[in-house]
Every structure is written in structure tokens, then in C-alpha cells.
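Engineer: sequence plus predicted model, see below.
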Amino acid sequence: MGKSQLKQLKERLKTSGFTGQTNIKKNPKRVPAATRADKDEMLMSIRAEFNPFEIKTTRQKHGDILGRRVQGAVGKPGLSKQIGEENRRRTLKRELERKNKVGSVIDRRFGENDPTMTPEERMLERFTRERQARSSRSSTLFNLEDDDMYEADTLTHYGQSLSLDQDDFGANNQFSDNDDDSGLKRSTPDHDYTGDGSDIEGPERKKSKNEVMKEIIAKSKMHKHERQKAKDEDLEEIENLDSEVNDLRALLFKSSASASTQPDSMPSDANRDTEYDEHVREMAFDRRAKPSDRTKTEEEIAEENAKKLKELEAQRLRRMRGEVSEEEDDGTPKGRAPQADDLGDDFLSDDAAGFGFGRGLDESDSESELEGEEIEDSEVEESEEEETDNVDGGNFEPSEDGQPLPMAQAILKKRPTKKSQSDNSEPNTGLAFTYECPSSYQELQSIVGEHNLENQIVIIERILTLHHPSLNKDNKGKLMKFGPLLLEHVLALADESTQLNNNSFNKLIQKIHDLAKSYPESMAEAFREQLTIVRRRLQAAIVADSGQPTDYPLPSDMLLFAVIGVIFSTSDHFHLVVTPAMLLMGQHLAQFPVKTAGDLAAGSLLTQLFSRYQSLSKRYVPEAINYINLSILSYVKQSAIPEGFPLSQTVTKVVIEGNNNSILLRNLQLPDIMCDTPLTSMSTPAEKQLVLSILKSDLNSLKTFSSLWKGKDAYKEIFEPSLDLLEILETELGKSSKRAATLAPISKTIKDMGDLLRKLIKMQTVNRKPLALQQHKPIPIATYAPKFEANYSVDKKSYDPNVQRQEISKLKAQVKKERKGALRELRKDNAFIAREKLVAKKKKDREYHEMLARLERSVASQG
Amino acid sequence: MPSVEVDKKKRPRTSKDVMPKKKRITDPQFSKISASPEPTPESIIELEQQISSSTEHYNNLVYLNEYLDSEDLQVALLAATSLFRSFARMLAAGLLNKPKSQSAGNAQETLTLWLRDRYQDFKQKLVSLLNSENSESALTSLTILVRLTKEESIHLAPTKGEYYFAKALFKRTLHALLNQSDSALLVEFVEKYANKYDDLRYYFFHFSGLLANDAMADLSESHKTTFTTNLLSALYAIDNFPTEDAHFNEFWVELPEKNKQPVAKLSAQKAAFQDSWLAVLRLPLTVDQYKYILQIMHKKIVPYMNKPQTLMDFLTDSYDAGGSTSLLALNALFSLMQMYNLDYPNFYTKLYALLDRNVLHVKYRSRFFRLLDLFLSSTHLPALLVASFIKRLSRLAISAPPSAIVIIIPFIYNLLKRHNTCNVLLQRADTTDAEEDHRDPFVADEPDPMKSGALDSSLWELATLQSHYHPNVATLAKIISEPFHKPSYNIEDFMDHSYNTMLDAEFTKSIRNQPAIEYELPTTLFESGNEEDQPYLEGWSLC
């Protein structure tokens, strides 16, 4: 339709016959219906059709799609508003006018509102009806079931007929006309909104709202009345009783008064009342007595303990598996799983960092390889050189001249002098009963330094008791500081072998354990600090030139690792103290060059500690097994070395000769690690004994590991090198009797261990199955095709496959829509009512003013 | 200023030193020969001025030459500079040009010959001064020698206008420098001159190569060692080798415009460079020198050689040597293979052999793994081969330090991702329980990776590492039992770890949640002697 509005209008007018030539001759049979009124109507419709202001269109987002008709896209707001207004005027206004008016005259005269009847017809019909009614009444005046009876004559109650058939009729009862007049008869909200369909009427209701409300009101009134009545009765009853109570009381007191010998001693009424009230109040506020916990039987206590232990064990297992709960989480952010189409994720994040590894070497280092490798150089290679040098020279003169370490050294020198003064003092003599809680190591030294170990324990116990956190709120802080000092003190004690005593030592560790339980954070921090000190010295020792004496390892270092093992939960997947400690031990075992018997003993102790650390979690420690292999290797004479373990450093062979049949193996001792006899010159029986005992200890550790790691898939690969080495030793023992005599004290252990490993390896290999680690369902190949909805439709609101859920959401949407519609209608109703009221008020005012004016005028004219 | 006392009497010290007696028209005034017994700076300047003023005073040259040996450093240095200036002037004047005829009849020629002799003496003294204890005088003599080289090259050209370089003098200087006990002066020379001037660099390479060949033949062992050390430190110091002809723009001796000299050609420079290096490599090298050369070879030597193929023998020998030498040779060998199409037979077999028990423990670990990653990156490698590498790596991982395990696991992951056929190493579905033989089909000591039988094995070692004591390593090892979603791991991120970096990471972690405490203490930590107690450390007592 490319024509302009004007042209369209002209055309329309022409087709309707308003303009142009009206040739009557050509249209002789023109309908005379084209009266003036008809013409007006048609003109109105044309006018409406061509008035663009009447039409409101909603712009569609996606334009016109294949002639789809969107509901409500084109509307005539003016028209619909008008229709709504008319509807309201018809219904709401009526209601409004009838509000608060009880009676009304309803014109029920026959045919009064029927415009098709002429007055004559009307009168005639009325007349016949009246006659009929009168005639029938005479016969059926008392016939209750008569169908034709006149409405006025039926028996009613509250305006409802009592006749039997009415209930069955429901909606179509004969009063429905009446109801329709007063009830709201409006279109459903959505129809009203769009403006069309306003003439569609909803199903008729059973009762009008008005009526229902009336009924409810009546009912509630009745109930209220009944309640009132009941209450009145109750009151009356109570009054009656009250009136009687004095008589009753008189009777009661009379009897009691007669019974009591001293009626005068009774306190006055008022006095007694207050007293009584007081008691009552007291009792009201008194705490109710509760049954106390029953004393538990021994079984119950045991059970409780077992339960607690079980719980602790469960927690431990959880930690071991690394299942840390949310709040305990270590804070490493877990990114989403990597996807196949991840692009530059390698630029953004460090793959290694995702697993919690540190920064690695500096960027610059790794770029210029030459420099970067220098660092590792110091770690690995130098120790190698050291080793070789030592073998050549063999003149390793330790400890005497060059003992460096500042702290430990200072203590070593300072302590014995102090000790010697007080060594002979009796326990508990000269001890004060109160001690200040020391806040620095010096203070602790000054308090404790002069006493022997037993007294020290007493002092420490006293300090702990005196500063129990329940005594003073500051004590907690003091003890938190005291814990690390105590640890430092105990470690320092280990370095002086003079007065160590196993029992006292255990007691001290017990104290540290107690403190650690109470203040885990500060103690963990203290342990970590000690570890950093050890680390510094270990690293210095690793890179130190051979022949240069180092202050590592000290007994205190070994003790630190041991104490960590007993105090902290070593089975945890990650532990703030244990993990770095294990790394340090690993570094020692892997890189610390073994030159002296002491070094060998230290390594042996560390491997055993590793086996203790892993006794529950059974984790694999490559360094430990490597160390044991190297250690066994150092006892092997043969130069051929079996494959299977790293050998980056040359191993210093233990040189022991002669017949050692008489040597008895002994327990190793902590001070043994300070033994600085080079391995190449083991000559005295004591040294031989030490070296052989170390081998025994190593073999024991190997045994522990072999049972710990029984379930490991690579059992064979782990232990085969050790077995090879042991077999070499065995053949050596078998071949030369001299060698057999040299290693006599441990030859049985070697043989047993060899047999055990042979057996276990065979067993573990037979049971081993190929891996099946990738049993998850295959990874789907990522698709890049866009997701299509097979039968897409704009009108479809959801593609929910769940029918039930879809139904529910449909209903919900409908409810929402209805609710909005109803709200809108109510709002419009209110506006309408307000408007009408205003009009009414204005009208009333105007009338009033007019009346006044009229009166004034009349008065003025009279005056 | 005390005037120089002129001794009228002739003081012939050595007949050779003093000018021939024959009278010439232009003879210098012999009567004027003078020498101050105690040379002072002023007198030296006076002497120099006399020389320049007239030929009569040429005998001053003799005295100045003598002063060079003076104990007084200042005097010696001053004498050297004075002599240099005098000779430079004479060179410019053409007084030192070779006489045309050998007949000594001409007085002028006699003078020239005499002057040339003095000049030779001077040079001789300068060269010996290079070895002087005093670094200042050595440095001064070096400077004068190099500048004399320039003067000679300009003025002593046999034919005028032709390009000439005073090779003899340069070679003498270089010879002296190379045979010094200490390489400091040589490095100074390289940094100051050879790095700066293209022709000096060229001749440095040229003559160092020649001298090295001579040294190989002549010198005693100990001298060879110092010679090698000196030459190597000089070669290391060369740092701006040109890569295009256009880069040649700085010359010590000016070049003639018209025809191009070999000095200005890249190929000639490269050839000289190559000769020099090849000569060095023929010299006896210490292990450290050897390793260092191998380390820098692919970056600093191979690209600048004319025919790097000549290095092939050296490299294959190194590669076959085994141990860390092989690892180091791999880099240079690879660059030869890559750029010059070198064919190395049984390369992968050899590479497989490099994965020995210590490869995870040496300092060149990450360098090696970078290359290994490169060599195994081809998807066209046979699965048998790749499986062997994977299996051997995992075998090594079982005894490796955490920092090495950290490299191996993502490395194997990438290999498995690249070679799907190797996934059987992790997942073998077709085995039935009835199967009798559960022995590992992998033969660890089989040298040929195609025959090791690894493809029929499983990576039990990695499965074991899932329970490694270090939590992060254990977590990392878990990736082999999870779905392989990630396309590949960036190996570079895992390369440079060590105990130290891992400990650093651990110690920088802050305490965020309470560390768990063991709830029960063992009865005793050490052996108590009491049978009933179960000590924490069995077999250890406190004292």
C-alpha cells in the first residue's frame, strides 16, 4: 500500500459513497437504509480508522516474521480505555451509587424495559398475567410444589427461596437476573488490556461477593454474640463463687485457728503477704535443679576414650589423604580444569605453580643456562669433589680448630663451666618456688643454667604451673613465648652430652608436647625457625670445601628431627613443620657427603627417622632407600656396582680389616654422630664396633621400609638394587674367609635381610598386575558445532524436557500474569471511584452554592 | 730547566750501537752525542725534541732505548712514548722505508739502515716489556705496539697506496701476549682492540690459529697449558662477531676504497675464526675447558664458522665419551644436525644410553631435558622407541630427588599425550587374571630402545610416586591417573627446581591453620634400657 493517507481516505470515502458522482439512475435499487444515522456511524468508523493517534503499535524486536501475529502488537488504547470506563460506569458506578443503601425499588413490571412492545401490548399482557395469577392462586394457594407460583409468594429465608429444587439449579436460579445487576460483570483482565473481547463474559458466579461477605459478617456476628454470651455466663459464675469465698475462708480459718495454740503469734496479713511474695519471687528466679552427670563406670570411661581416639584417628586419616576441609584449606586456588581449547594459558600461569612448587630458579638464571647451572653445581658437584679430595688426602682434621657455629658453639663453650659448679648440688635444693616466666633465651639461661637436669625440670614445671593461663590472662602470651625458648634449650642440651638422662629428657619433651598442644601456632613457628637454622648450616656443609670443618651435623639437629617426629602428626599429606623437615632430611641424605663414621651414623639415624615418620602413611622416600644403598655399597669391596640407584658421588669405602668375631654390636648413641674418624681408617675395636653397628641399623631401616612399602607397585624396582648389593656382600662373605671374619657380627643380619628381600620381591612381583589407571570413560572430543534446538520457536518460552516442571512453570507464569492483571484492574477501579467521588462532590458543592446564592438572592430581593 | 750537558768527548759504549763513523754530508754531529747519566722526564723530552730538530741528535735514540730498561717506571714510560713519537715521525717522513738497493754506499741508506736497526731494538724492548711485572708499563708497551702496527701499516707499505698490514709486528706482539703466564693483558687487548676493530680481530684470529699450531708442535706441556688458557680466555672475550659484510666499518688500519681486502669479508673472517678454534681444539684441554667449550659451542662457536662440519669429529668424539660430556655435546651436535644436515647414525640409541643412573643428578639436567623434549617431540617416532624412553625415565624417577621427579612426570605426560599408542603403559585393559606370567617384560639393560620390550610393561614406578613423601610431588604424580584433559604441560615451568627452591617455597608458607599435633607421645624417644618401653627410635640411645 504505497498510497498516501489522503489518497486512502479519498478512496475510502468514494467506495462508501460519500463523495464523487452519485448517480441515482445507475443505482435505482439503493437501499434506503442509508439513513442519516447510518451515515454518521459509517463516518465515525472511517474517522476512527484513519486517526493515527488512536492506534498504538509496539515495535517488534525481530521485525515481522512470516506474518506472525503477536498478541497486543497493535492496540487502541483510547478505545479500550473508553470501553473499560463504560464497563465501570455500568457496574462499579451502580454499585457505588447503591452503596450504603439498603432498600430499593426494582421495577419488575412486565415488559417495562422491552422497547419492542408498544404500551398497549404491555398493558394487555400485564392484565392477562394478573388475571392468570389470581385464578391460579385460588386453587394452589397452599400448594408448595407448584411450579408456576409467583415469586412473591414463595417462602424465603434471607432472600433465598426455600423451595427444594432450587439448590439443584445452581447458577441458573431464578434470582440470577437480580444478581447480575449488582454483581461485577467485567471481562477478564487480559481482554480488557487489549481492548477487544470486552463483551465476552465469564461464567456466572454462584453468589455475589457482596452476598458472601454479608454471610460471613452475619456468621461472625453470631459467633461473637455467642462468645459474649459465654463470657457473661462465666463472669456471672465467677462472681457467684467470689461471693461465696469469704464464707468458705471464714470456715477454714476458724478451724485452723482453733487448732493452733498461739493464734496471736501469727503475723499480720500484710506482713505475711509481702514475705510470701518475696519467697515466691525468690523461688521463681531460682535456677531449676538439674540432674547431675552420673559418675561413669570404668567401662564407660574406656569407651569414651576409645571413641575420642577413634575420632582423632579419623581426623588423622583425613589429613593423611590430604582431604582438608574448606576452612582448613591451604589457600591454593583451584582453577577450573584445563580445557582443550584453552589458548594462552601457559603465558598466564606457571604450570608448576599450580602444584605448589616454588618459583624455581630465577628467570634470568634459567635463561642463561650457564649461570643457572652454577647453582646446582654448588649442590651436587662440589660435594663430589669434596668426596674425592677426602679420599685422596684422608687427612681430615675436624672439630679442634675450626668449629664455627655461632650459637651452638657458644653454648658448647659456655655450658660446661656453668654446669660444673652445680653438678654436685642435690636435687630440689636451692630452688626457689616462684620463677618469672622468661621472655628471652638469656633469661631462661640465667634461671635454669646453673642447675642440673632434674632441677631444671622442676624449675620448668614450676614455671608452667605458676603461669597457667587460667591464673592470669597475660599468662597465655607468656607461655607462647616460653615454648620456643624451651625448645631451644632442649636442643642446646643435646649438644652437651655431659648430663643427658633419658628419663629427664622424655619429661622435657613431654613439656614441649604439652605446650605444642596448647599453642600449636607458636610452637610450629619455633620449630620452623630451628629448621631454617639447620638448613643454613646444612647448605654451608654441602658446599664447603673438603677438609674444611663444618658445624653440621650436630646432635641437636638430629634431635630436632626426632622431636618433630614425635610431636607433630607426621602422616599428614601436608604439614607446615613436617614437610620442610622431611625435605631437609631428604636433602641431607641426597647431598651431604659422607666422610666420617659420624656422617654415616647421622645418615643412618635420618633413614630410621624417615621410616618412623612414614610408619602410618607409608609414603615412599627415594632418598632414604638411595642412602641405604650407598651405605651398603660403602661396605662392599667389589668394584662392580649394580645398576638401579644413582651414584653421582663417589662413595667412600669403609675400610675395616682384621678379625672382628669378638665384637658385639651395640646400640647407637646420639653423640656417635660427632665421631670424626674418617671411614678409610677404622682401626680401633670401638670404631669397628660403631661402623658395624651402623650397618646393622641401616639394615634394620631397610627391613622396616621393606615392610612399610609392601603394597607399592614398584616394590621390585625399589628394593632390587639393595638386594643386589646384599647378594654381593653375601658372595664376598662366602668366598673369602678373611672377609667373613671382618664382617662376622653382622653376617647373619645380612643373610637374613637378603633372604627376606628375595622372598618379598618374588611375592610382590607375582602379585603385580599391569596398571589400569585410565579406567575413566574416554574423554569426549570437544565439539565446536553450535548447539541447535531442533524445533525452535520464538513463541516457545522454555524447552524444559521435564514435563512436570514445565507444567508447574506454566502455571506459575499464569498466576503471575493474572495477579498483575487483577492488580491493574483494582488500581483502575480505585482511580475510577476517586474520579466519580470527586465529580459527585463537585456537583454537591455546586448545588449547595447555588442554593445559597438563590437564598441570598431571594433574601436580597425581599430585603 | 737544567740544560743537558753536552759531552764533547765521544763515549763509545758499544761500537754497534753508535752510528757508523763515516762522515756524510748529512751526518749527524757525532760531537753532539750526549747522554745524561741520570735521566729525568725533562731530559727525555729534551732528547726527543733534539731528535726531531735535527738528524745530528739521532744518537739520542740509543740513549732513550737504554732508558727503557730503567728501574724508574716513569722514566721508562716516558722514554717509550718519546721513542714512539720520534719513530712515528720518522715513519711518516719515510726515513725507515726499506732502501731500494742493498748497496750500502749511499749515506742516506746507511742512515736508514741504522735507524731501522734502532727501530728493531725498540720493538724488541717493547715486546719484552709486555712481560713486565708492572701492569702499567706492560699496558703502555701494548698500546705503543698496537699503534706502531698502525704506523707501520700506513707508512711501510712496499708499494705506495697498496693495502699493507704490519703482520710481523702484530704476530710478535700476539706471540708475546699468548705466552704470558697471565691472560689479563691479552683479554685487555681483545676488549680494547680486537673487539672494536674488524681488521685487528681478523688478524688476531688468523695469527692465533697459526701460533696455536706452532705451539702444538714446539711448546712443552706446561707452556701449552698456559698458552691454551690464554687463548681460550681471549676467544671467550670476543663478543661481537659480525654477521654481515656491512657490519665491517671500524678498521684500525684504513682500507683502500677500490678493492676489497679479505679483512672486510665475512667469509674470510669466519675462516680465520674457524682456523683459530680448530687449532685450539687440537691443543690439550683440561676437563673444565672441554666442558665449557661444549657448553658455549652451539651458541658462540658454531654460528660463526665457515664450515661447522669440521667440528663434527670433535663433537662425535665428545658425544661418544659418555657421562656429562655427552650431554653437553648434544647441544652443538643438534645444531649441526639441524642446520647442516649432519647425519648421526643410531642417534636415538645413543640418546637412550644417555639416560643413565646419574642423568637426574647432574647439573646439566634441565639443559638435557630441554633437548630431549625437542628430540622426542616428533609424532612420527615409533611407539616402541617412545615407550622405551618413557619406561626408562620412570625407572630413573623411582630413585630421583623430588626436583627431578617434578620434571619427569609432566614430561611423560606430554609424551603419552603425543603418542596415544603408549597409553597402554598406564592402562592395559586386555589382560586377564588367568595370565600366569606377571614378570616385567621390560629389559632395563637392553641398549636398543626398539628391543627393550617397554611397550608391554607398565609404569608402576610412577604409580608408586603417587605416594611420594613430598605432598606436591605426590599431587603432581596423580595426573597420570586422572583424565588427560590438559593438552600439554609447559616443561619449562618444571625445569629449574632443586631442594633449595622447594625448601624456600616451604619456608615462605605462612601458618594459616593449626598444624596438627600428634595426640600421644611414645613412652620414650630413645632406648631407655627398659625392655617394656617401646622407643621411638629403636637401637638408638641418648648417650
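Structural biologist: Thanks, I have the structure now. Numbers count the residues shown, from 1 in each chain, chains lettered A, B, ... in the order given.
Engineer: so how far is A:Ser615 from A:Arg318?
Structural biologist: Separation of A:Arg318 from A:Ser615 (C-beta to C-beta, to the nearest Å) stands at 18 Å. For the C-beta atoms, the positions are set from N, CA and C on the backbone; glycine is no exception.
Engineer: repeat that for B:Leu525.
Structural biologist: 15 Å.
Engineer: quick check: phi and psi on the residue of the stretch 401-543 of chain B at minimum distance from chain A?
Structural biologist: At 2.8 Å from chain A, B:Ala505 is the closest residue in the stretch 401-543 of chain B, using C-beta to the nearest C-beta. The phi/psi pair for B:Ala505 (degrees, to the nearest 10) reads phi -60, psi -40.
Engineer: what's the answer for the one 4 residues further on, then?
Structural biologist: For B:Lys509, the backbone dihedrals (degrees, to the nearest 10) come out as phi -70, psi 140.
Engineer: so A:Thr680 is in contact with A:Val651, correct?
Structural biologist: No - A:Thr680 is beyond contact range of A:Val651, at 11.7 Å (criterion: C-beta atoms under 8 Å).
Engineer: same drill for the two, tell me which one is more crowded.
Structural biologist: A:Val651 (20 against 16; other C-beta atoms under 10 Å in any protein chain shown).
Engineer: spit out the contact partners of the most centrally placed residue in chain B.
Structural biologist: Centrality entry for chain B: nearest residue to the mean C-alpha point is B:Tyr236, 3.3 Å, by C-alpha atoms, centre = their mean. By C-beta atoms under 8 Å, 6 or more residues apart in numbering or on different chains, B:Tyr236 lies in contact with B:Ile296.
Engineer: now name the helix or strand holding it.
Structural biologist: helix B:221-237 (DSSP states H and E).
Engineer: what about that helix, average pLDDT?
Structural biologist: What helix B:221-237 shows for mean pLDDT is 79.
Engineer: circling back: distance check, the residue nearest to the centre of chain B against B:Glu191.
Structural biologist: To B:Glu191, B:Tyr236 is 11 Å away according to C-beta to C-beta.
Engineer: try A:Ala860
Structural biologist: Counting by C-beta to C-beta, the gap from A:Ala860 to B:Glu191 is 129 Å.
Engineer: who has more neighbours, these two?
Structural biologist: More neighbours surround B:Glu191 than the other of A:Ala860 and B:Glu191, with 14 against 8 (other C-beta under 10 Å).
Engineer: once you drop chain neighbours, what's closest to that one?
Structural biologist: Residue nearest to B:Glu191 in three dimensions, not counting chain neighbours: B:Ala237, with 6.0 Å by C-beta to C-beta, 6 or more residues apart in numbering or on different chains.
Engineer: what does A:Asp724 give?
Structural biologist: Nearest to A:Asp724 is A:Pro642, by C-beta to C-beta, 6+ apart, at 3.7 Å.
Engineer: did I read that right, that neighbour in a helix?
Structural biologist: No - looking at A:Pro642 with DSSP: H, G, I helix; E, B strand; the rest coil, it is coil, so not inside a helix.
Engineer: how deep is the residue of the stretch 401-543 of chain B closest to chain A tucked in, by neighbour count?
Structural biologist: So B:Ala505, with other C-beta under 10 Å, has 19 neighbours.
Engineer: what confidence value was assigned to it?
Structural biologist: 88.
Engineer: contacting residues around A:Tyr441?
Structural biologist: By C-beta under 8 Å, 6+ apart, the residues touching A:Tyr441 are A:485, A:488-489.
Engineer: now do the contacts for residue 466.
Structural biologist: Going with chain A. Contacts of A:Leu466 (C-beta under 8 Å, 6+ apart): A:434-435, A:437.
Engineer: wait, chain B
Structural biologist: If a contact means C-beta under 8 Å, 6+ apart, then B:Gln466 has B:474, B:477-478, B:480-481 as its contacts.
Engineer: what subset of those is also close to chain A?
Structural biologist: B:474, B:480-481 (C-beta under 8 Å from any C-beta of the partner chain).
Engineer: most neighbours, which of those?
Structural biologist: B:Ile480 (23 neighbours).
Engineer: the closest residue to that residue other than its chain neighbours: neighbour count?
Structural biologist: Using C-beta to C-beta, 6+ apart and skipping the chain neighbours, the partner closest in space to B:Ile480 is B:Leu462 (5.4 Å). Using other C-beta under 10 Å, B:Leu462 has 28 neighbouring residues.
Engineer: assign a three-state SS to B:Leu462, would you?
Structural biologist: Under three-state DSSP, B:Leu462 falls in the helix class.
Engineer: contacts only, for it.
Structural biologist: So B:Leu462 contacts B:394, B:397, B:409, B:412, B:477, B:480 (C-beta under 8 Å, 6+ apart).
Engineer: and for A:Leu773?
Structural biologist: A:Leu773 neighbours (C-beta under 8 Å, 6+ apart): B:426-427, B:463, B:480-481.
Engineer: taking the contacts of B:Leu462, tell me the two that lie furthest apart.
Structural biologist: Greatest spatial distance in the contacts of B:Leu462: B:Ala397 and B:Ile480, 11.3 Å, computed using C-beta to C-beta.
Engineer: name the residues contacting each of those two.
Structural biologist: Common contact partners of B:Ala397 and B:Ile480 (C-beta under 8 Å, 6+ apart): B:409, B:462.
Engineer: follow-up on the earlier one: neighbour count for B:Leu525 and A:Ser615, which is higher?
Structural biologist: B:Leu525 (22 against 15).
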